[in-house]
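Asks: Requesting a structural model of the entry that follows:
(one chain, ligands or ions: 1)
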Amino acid sequence: MMKRFVSKFPRWTTGFRKFDDFLQVEPKSGSCSTSTSIVEGMRLYGTSCAKLTDAKLTENVSDMLIDSFGRLHTYLRISLTERCNLRCQYCMPAEGVDLTPSPQLLSPDEIVRLASLFTSSGVDKIRLTGGEPTVRKDIEDICLRLSNLKGLKTLAITTNGITLARKLPMLKECGLTSLNISLDTLVPAKFEFMTRRKGHQKVIDSINAAVDLGYNPVKVNCVVMRGFNDDEICDFVNLTCEKPINVRFIEFMPFDGNVWNVKKMVPYSEMLNKVVGQFPGLKRLKDHPTDTAKNFRVDGHQGAVSFITSMTEHFCAGCNRLRLLADGNLKVCLFGPSEVSLRDPLRNGADDEELREIIGAAVKRKKASHAGMFDIAKTANRPMIHIGG
Ligand code: SF4
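Replies: A predicted model of the protein is given here:
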């Protein structure tokens, strides 16, 4: 079995019996360096990380969404399902995850009721995540209902793109305003290794379909892992040349079951070094205060290049995100284990005021920042497949 596997993917899997082995490999001498030799003199820009305390911005936001550090939480990520049509190795443990029984998951009516509570309190952006949100048969209906919520400006989705090309025209009709498509490699065989499924071309087709339908930018999320896809960084940057694609390089993050290892994490400084080495015309763009990304554009390119530096330079000071999980738990921080159920009080007849109190208390308990990458790796958290990133 292993022999067949290695001979099928010779260049980057040699010596790795399984993903865990791949994660334990020592970096080549000097390759884990955070040296800024090429970018010497060029600032490793941080995100803006401003708090939205400006009176204009706060006037439409209820106290329920403001934490004890003055951060306004106007962005809600809703996980629509724990199911996925891929089995990405960094997202899901090899043995799979226990799925919550269906009756314990939020119904479409409950999702819309809670979303409405958030939008009426000041949330103006909702992102649908999973699992893989497009595996839901009622995804179009949910989009339509959410896009009609008063106060909502952006309805986004994060998807693996496997079925998106087919569904996107209808999703657009139903009010989907922006999308992020995950793609970690431009090599079909690597895709199959990482996701344990075929489908690379379908993802490429979805990216092209999104461009053709006028989405601008089309965001492509790429988790960079040493020895797996760090040799493709500049190939990804080339995607931005002629199309309005925003390639977003994401530092590899620890989640339950993904066997995170610091040696596999390629730091922002090293990624930037590689890009500047090949694209000297790389220019820094201005970020929005709550942007998680450090944004750049290569001179003459239509699209943009961004870095999500959650591990080496966190952006918690500008955090505006809350997460509603498929089972109805509210999670105030991606890397914090604390969760509170909204489903249970909802099903026990809580009115909006009672739900607002529960949400407000959870938001007020939110910590200033995550605990740092080594502590996160030791902290119990859900697998990524449950949280939706
Ligand atoms: S780690 Fe938590 S506080 Fe920091 S940006 Fe992510 S969700 Fe926000």
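
Asks: Could I get the full set of strands for this protein?
Replies: 75-79, 125-129, 154-159, 178-182, 218-224, 245-251, 282-284, 293-298, 304-308, 321-324, 329-331, 339-341 (DSSP state E).

Asks: and the closest residue to Leu171 other than its chain neighbours, what does it touch?
Replies: Among residues not flanking Leu171 along the chain, Cys143 sits closest, at 5.7 Å (C-beta to C-beta, 6 or more residues apart in numbering). In this view, the C-beta of every residue, glycine as well, is placed from N, C-alpha and C. For Cys143, the contacting residues are 128, 155, 171, 174-176, by C-beta atoms under 8 Å, 6 or more residues apart in numbering.

Asks: Closest one to the ligand out of the residues you listed, please.
Replies: Of all the contacts of Cys143, Leu128 has the smallest distance to the ligand: 17.3 Å, by C-beta to the nearest ligand atom.

Asks: So what sits opposite the closest one in the bridge?
Replies: On the basis of DSSP bridges, Leu128 takes part in beta bridges with Ile78, Ile157.

Asks: Looking at the stretch 51-200 of the chain, what residue ends up closest to the ligand?
Replies: Arg71 (8.2 Å).

Asks: for the stretch 201-350 of the chain, what spans make up the helices?
Replies: 233-238, 268-278, 343-347 (DSSP state H, counting those that start in this stretch).

Asks: Tell me which of these sits nearest to Thr81.
Replies: helix 343-347 (14.7 Å; C-beta to C-beta).

Asks: Show me what the closest one is packed up against.
Replies: helix 108-119, helix 352-364 (3 or more C-beta pairs under 8 Å, 6 or more residues apart in numbering; DSSP states H and E).

Asks: contact partners of the longest one?
Replies: In this structure, residues lying in contact with helix 352-364 by C-beta under 8 Å, 6+ apart are 62-68, 73, 114, 117-118, 121, 322, 330, 332, 338, 340, 342, 345-346, 350.

Asks: By neighbour count, sort out the buried ones in those residues.
Replies: 62, 64-67, 73, 114, 117-118, 121, 322, 330, 332, 340, 342, 345-346 (16 or more other C-beta atoms under 10 Å).

Asks: if we can go back for a sec, doesn't Leu322 make contact with the residue of the stretch 51-200 of the chain closest to the ligand?
Replies: No: counting by C-beta atoms under 8 Å, Arg71 sits too far from Leu322 to count as a contact (10.5 Å).

Asks: any residue of stretch 233-252 up close to the ligand?
Replies: No: shown here: stretch 233-252 not in contact with the ligand (C-beta under 6 Å from any ligand atom), separated by at least 12.2 Å.

Asks: Nearest residue to Ala326 in space, please, no chain neighbours.
Replies: Among residues not flanking Ala326 along the chain, Ser79 sits closest, at 4.6 Å (C-beta to C-beta, 6+ apart).

Asks: give me the number of residues near that neighbour?
Replies: 27 (other C-beta atoms under 10 Å).

Asks: mind checking how far it is from Glu251?
Replies: In this view, Ser79 and Glu251 are 22 Å apart by C-beta to C-beta, to the nearest Å.

Asks: pLDDT score for the residue nearest to Pro133 when sequence neighbours are not counted?
Replies: Closest residue to Pro133 apart from its sequence neighbours, by C-beta to C-beta, 6+ apart: Leu80 at 4.5 Å. At Leu80, the pLDDT value in this model is 97.

Asks: give me the number of residues near Leu80?
Replies: Leu80: 26 neighbours (other C-beta under 10 Å).

Asks: which residues does it contact?
Replies: Leu80 touches 111, 128-131, 133, 136, 139, 142, 326, counting by C-beta under 8 Å, 6+ apart.
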